[in-house]
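Novice: sequence below, structure please.
(2 chains)
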Amino acid sequence: AQSVAQPEDQVNVAEGNPLTVKCTYSVSGNPYLFWYVQYPNRGLQFLLKYITGDNLVKGSYGFEAEFNKSQTSFHLKKPSALVSDSALYFCAVRDYGGSQGNLIFGKGTKLSVKP
Amino acid sequence: GAVVSQHPSWVICKSGTSVKIECRSLDFQATTMFWYRQFPKQSLMLMATSNEGSKATYEQGVEKDKFLINHASLTLSTLTVTSAHPEDSSFYICSARAPTGDGNEQFFGPGTRLTVL
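Specialist: As a prediction, this is how the structure comes out:
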């Protein structure tokens, strides 16, 4: 069965410092991986996705993620964090078991960026 | 980009009443929509997959008679929580699969906060 794991419940970063939010995956075939961000009482906003191609994927708001097949990881990164980046981040993988292409989400990581 | 709306954004109802939540794709047609439920500080759990013109597919453990889903058109899916109880209080989020080139992108609505008294 497909799954994603986000090992950190919370990540604390000082503004201006680089940030990394970790995600590892387990899939039976080629992974379709996604990152979403959620602000309080809001729906999810798409950040980026990996389907095929370059291992470094660039997305919205200056975020990027690196696909690492050998480590089965898809960590989200940003070179310089902003206070406004504080939110809940979800890693997701496409569910191959479902015929409709729904997503399986990690538990989420709360990112807190302090001034 | 593709936009998905939900209405209402929040609703408070009495126990035993029914509540309908609408999910609309505003600038694209969505043959497939998904309904998720999110408890506080937890991840999204898929409740059901809604297909236009056919019955929804429910995930294991989700009561289809309690959570009625109707996908009557290519831009509208509705979730009706029937005979709501306090344990149904949650954040309900819909998403629609957009017709992107690789067909692998979902766009999410802003969510509906349901509180059952």
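Novice: and chain B, which of its residues are near chain A?
Specialist: Within reach of chain A by Cβ under 8 Å from any Cβ of the partner chain, chain B has these residues: B:1, B:4, B:6, B:32, B:34, B:41-44, B:46, B:49, B:51, B:57, B:91, B:93, B:95, B:97, B:102-111, B:113. Backbone N, C-alpha and C define where each C-beta goes, glycine included.
Novice: from those, list the buried ones, please.
Specialist: Using 16 or more other Cβ atoms under 10 Å in any protein chain shown as the burial test, these include B:4, B:6, B:32, B:34, B:43-44, B:46, B:49, B:51, B:57, B:91, B:93, B:95, B:97, B:105-111 as buried.
Novice: for B:I69, give its distance to B:Q60.
Specialist: 16 Å (Cβ to Cβ, to the nearest Å).
Novice: ok, those two, which is more surrounded?
Specialist: Legend: neighbour count by other Cβ atoms under 10 Å in any protein chain shown for B:I69 and B:Q60, higher for B:I69 (24 against 4).
Novice: that one and B:T82 touch, don't they?
Specialist: No: with contact defined as Cβ atoms under 8 Å, B:I69 does not count as touching B:T82 (11.3 Å).
Novice: hey, where'd the strands end up in chain A?
Specialist: Under the criterion DSSP state E, strands of chain A are mapped to A:3-5, A:10-14, A:19-21, A:24-26, A:33-38, A:44-50, A:56-58, A:64-68, A:73-78, A:87-94, A:103-105, A:109-114.
Novice: closest to B:E87 out of these?
Specialist: strand A:103-105 (21.6 Å; Cβ to Cβ).
Novice: in terms of secondary structure, what does that closest one contact?
Specialist: Here strand A:103-105 touches strand A:3-5, strand A:87-94, strand B:44-51, going by 3 or more Cβ pairs under 8 Å, 6 or more residues apart in numbering or on different chains; DSSP states H and E.
Novice: ok now that strand, how far from the chain's centre?
Specialist: Between the centre of strand A:103-105 and the centre of its chain there are 11 Å (Cα atoms, centre = their mean, to the nearest Å).
Novice: that one pairs with which strands, and in what direction?
Specialist: strand A:87-94 (antiparallel) (DSSP bridges).
Novice: from the residues of chain B next to chain A, which land in strands?
Specialist: Per DSSP E, the residues of chain B next to chain A map to strands at B:4, B:6, B:32, B:34, B:44, B:46, B:49, B:51, B:57, B:91, B:93, B:95, B:97, B:106-108, B:113.
Novice: A:T52 versus B:P40, what's the distance?
Specialist: For B:P40, the distance to A:T52 - Cβ to Cβ - is 36 Å.
Novice: B:E87 - that's part of a helix, no?
Specialist: Yes: assigned with DSSP: H, G, I helix; E, B strand; the rest coil, B:E87 falls within a helix.
Novice: mind listing what the closest residue to B:S73 other than its chain neighbours touches?
Specialist: In this structure, B:S73 finds its nearest non-sequential neighbour in B:E52, 6.8 Å apart by Cβ to Cβ, 6 or more residues apart in numbering or on different chains. Neighbour list for B:E52: B:30-32, B:71-74 [criterion: Cβ atoms under 8 Å, 6 or more residues apart in numbering or on different chains].
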